[in-house]
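**Q** Predicted coordinates and the sequence they were generated for:
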Amino acid sequence: MIPVEPDKYREWDAAYVLGSLVPAERAAYERHLAGCTQCRTAVAELAGLPGLLAEVAPADALASVPREGAEVPQNLLTGLAGKIRRRRFRTRVGMAALAVGISTASVGVTLAVTPPPSAVVVQTQAAAVTLDFASVVAGPINAVGTLTSQPWGTRLDWTCTYSLASGPTSRHYASPSGLSKASGLPEPSGLPDAVAPVYGYTLVVIDRRGAEVQVASWTAGPGTRVTPTATTSIVAADIARVEIRSAGGEILLAAEP
Amino acid sequence: MPAEPSELLRSLHDAHAPALWRFVVHLTNDRALADDVVQETLLRAWQRPEVMARPEPALRAWLFTVARHLVIDDRRSARQRHEFGMDRPPETGMADQTDKVLDAWLIADALAGLSKEHREVLLHSYYQRESTAEMALKLQIPEGTVKSRLHYALRAMRLSLQESGVTR
C-alpha cells in the first residue's frame, strides 16, 4: 500500500520516539504508521536510542558543552614512536624472545626517523629478494625466505621446516632451550614421550662490514613449520649474509641475498 | 599479506586515540597525563596480537578499560606520594561498572560531538521533556524544522554510537 502523505511524516520518527509529539500529532502519526512500512522501519531503527540517552544524567547532558578545542594533540603518534624507541633499549633482550617483539621494536626506529608521521604510510613496497638457505651443518631443517626493502630498512620473512627426526642428526640441532638436557639429542631420554622436544633458534643478519646483529629468535621441534618475520634498520643492499643459528650459537643454515 | 606494523599502529591511533584522549581528559582534567595514558594504552594493545585480533567493540572496550586502570593507578601512586590518606574511598567494584560507565561516557561524548543545532533540540526534547510545539516557541523556529532537526540529530547520534560500538 502506498502511503497517502509520505513526505509529511518522513521526519517525524525522532520526535515520536523521543516522546515530543503533541498528543494529536502522535495519534495521527500512529495511524500513518499502521500503513507505512518505511516509517515503521525508521521508528524501529531509532527505538533503542531513548534507552541509551537515559544513561546520561539530565544534569550532565545539559551541562555538557559542544566538543571544541578538545582535540587529540597532533604529536601523540610521534610521541608514541619515541616511547617505543626508549622502551626498545630497555627491553631489547626480553623482546628478542619473540619475533613479533622484534618487529615491534624496529618500528620505533621507523617512526622516529620519519618525523612527518604521514611519511610512514607512503611506503612503496620494493621487490622481495629470495633467500635460499643452504645447510652449513647437515640436519633436519630446511629454510627459504625473502628480504624486502623498506624506507626504514629491511623486512625479513622466512619459513623453516623441520622434518620428523630422520636422517643424520647433529647435536647442533638440539641446542639447549631449557627443556632438553645436556645430551642434546633430538629425543632427550629424560623427557616424557608426551613432551615434544623444542629447540631454540636465532636469525642473524651480517652486513657488508662484517657486523652482525640478531634480529629474531624462536623455538621449534621435529615435524613443525614456523614462519617468523623480523625487521632491521640495515638496508637490504648492505646485507651480506643471513644465518640461522642454534640457540647455542652454531651456524646451521646460511643464505646470501 | 599482513599490514606493516607501523600502519597498524597508525590505524590503531587514528581509530581510537581521539575518543580515548577525550575520555582520559574527562576523567583527569589533565592533558599531559592524558597524552601519556593514551600512548601507553595504544602501545600495550599494539604489543598484544591477541588483543589486536579482537572485533572492534571488544578492542575498544579493552582500550578504555586499560586507560581507566592507568588513570586509577596514577591516582593511587599520587595518593601514596602525598599521603592523602583516607579522604578518598578506595576504588571498589570498578571492574563491574566499567562497561556502564564507559557507555555513559561514550553517549555523552556523542552528544558533545553533535552540531550546536542538533544538540540543542535533543537536549530540549529528551532531557527537558519539551514538545515540538514548546521547542518551536522557545527556539523561534517552525515546528517542521524542530521535527526535521530531531530527525537528523537522532540519526547522527545513532551513527556515532554505532561507530563507538555502543549500539549496532
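**A** Sure, I can see it. Numbers count the residues shown, from 1 in each chain, chains lettered A, B, ... in the order given.
**Q** Return the helix or strand in the chain with minimum mean pLDDT.
**A** The chain I'm using is chain A. helix A:118-121 (a mean of 37; mean pLDDT, DSSP states H and E).
**Q** Sorry, I should have been clearer: chain B.
**A** Going by mean pLDDT, DSSP H and E, chain B bottoms out at helix B:94-113, a mean of 76.
**Q** Please pull up the helix or strand immediately following that helix.
**A** Going down the chain from helix B:94-113, the next helix or strand is helix B:116-122, by DSSP states H and E.
**Q** how about that following helix against chain A, any contact?
**A** Yes: legend: contact between helix B:116-122 and chain A by C-beta under 8 Å from any C-beta of the partner chain is shown at B:116, B:119, B:122. (Glycine included, C-beta is placed from N, CA and C.)
**Q** Which of those are buried, as a ChimeraX select command?
**A** Of the residues of helix B:116-122 next to chain A, the buried ones can be selected in ChimeraX as follows, counting by 16 or more other C-beta atoms under 10 Å in any protein chain shown:
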select /B:119,122
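**Q** Let's have the residues of helix B:116-122 next to chain A in CSV, adding distance to B:R54.
**A** Compiled in CSV, the residues of helix B:116-122 next to chain A are given as follows (distance: C-beta to C-beta, whole Å):
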residue, distance to B:R54
B:K116, 36
B:R119, 32
B:L122, 32
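**Q** Do a quick rundown of the helices in chain B.
**A** B:5-28, B:31-46, B:49-52, B:56-82, B:94-113, B:116-122, B:132-139, B:143-163 (DSSP state H).
**Q** any weak-confidence spans in chain B?
**A** B:1-5, B:78-99 (pLDDT under 70).
**Q** Report the contact partners of B:S160.
**A** Residues counted as contacts of B:S160 (C-beta atoms under 8 Å, 6 or more residues apart in numbering or on different chains) are B:110, B:113-114.
**Q** Would you mind checking those residues for buried ones?
**A** B:110, B:113-114.
**Q** restrict the residues you listed to those near chain A?
**A** Among the buried ones among the contacts of B:S160, the residues within reach of chain A (C-beta under 8 Å from any C-beta) are B:113-114.
**Q** all strands in the stretch 101-250 of chain A, in order from the N-terminus.
**A** Assigned by DSSP state E, counting those that start in this stretch, the stretch 101-250 of chain A shows strands spanning A:128-132, A:134-135, A:141-150, A:153-162, A:199-207, A:212-220, A:225-226, A:229-232, A:239-246.
**Q** in its sheet, what does the third one sit against?
**A** So that's strand A:141-150. strand A:128-132 (antiparallel), strand A:153-162 (antiparallel) (DSSP bridges).
**Q** mean confidence for that strand?
**A** Mean pLDDT, strand A:141-150: 84.
**Q** ranking the strands paired with strand A:141-150 by burial, who's on top?
**A** strand A:153-162 (a mean of 21; mean count of other C-beta atoms under 10 Å in any protein chain shown).
**Q** what's in contact with it?
**A** Residues outside strand A:153-162 that contact it (C-beta under 8 Å, 6+ apart) are A:106, A:109-110, A:128, A:131, A:133, A:140-148, A:201, A:203, A:205, A:215-216, A:220-236, A:239, A:242, A:244.
**Q** contacting residues for B:V71?
**A** Contact analysis of B:V71 by C-beta under 8 Å, 6+ apart lists B:24, B:27-28, B:33, B:37.
**Q** Would you write a ChimeraX line that selects the buried entries of those residues?
**A** To isolate in ChimeraX the members of the contacts of B:V71 that are buried, counting by 16+ other C-beta under 10 Å, one can use:
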select /B:24,27,33,37
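**Q** Adding distance to chain A, write the contacts of B:V71 out as TSV.
**A** Conversion of the contacts of B:V71 to TSV gives the following (distance: C-beta to the nearest C-beta, whole Å):
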residue	distance to chain A
B:V24	10
B:L27	13
B:T28	13
B:L33	12
B:V37	11
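**Q** Out of the contacts of B:V71, which is nearest to A:L164?
**A** Distances from A:L164 to the contacts of B:V71, taken as C-beta to C-beta, are shortest for B:V37 (49.6 Å).
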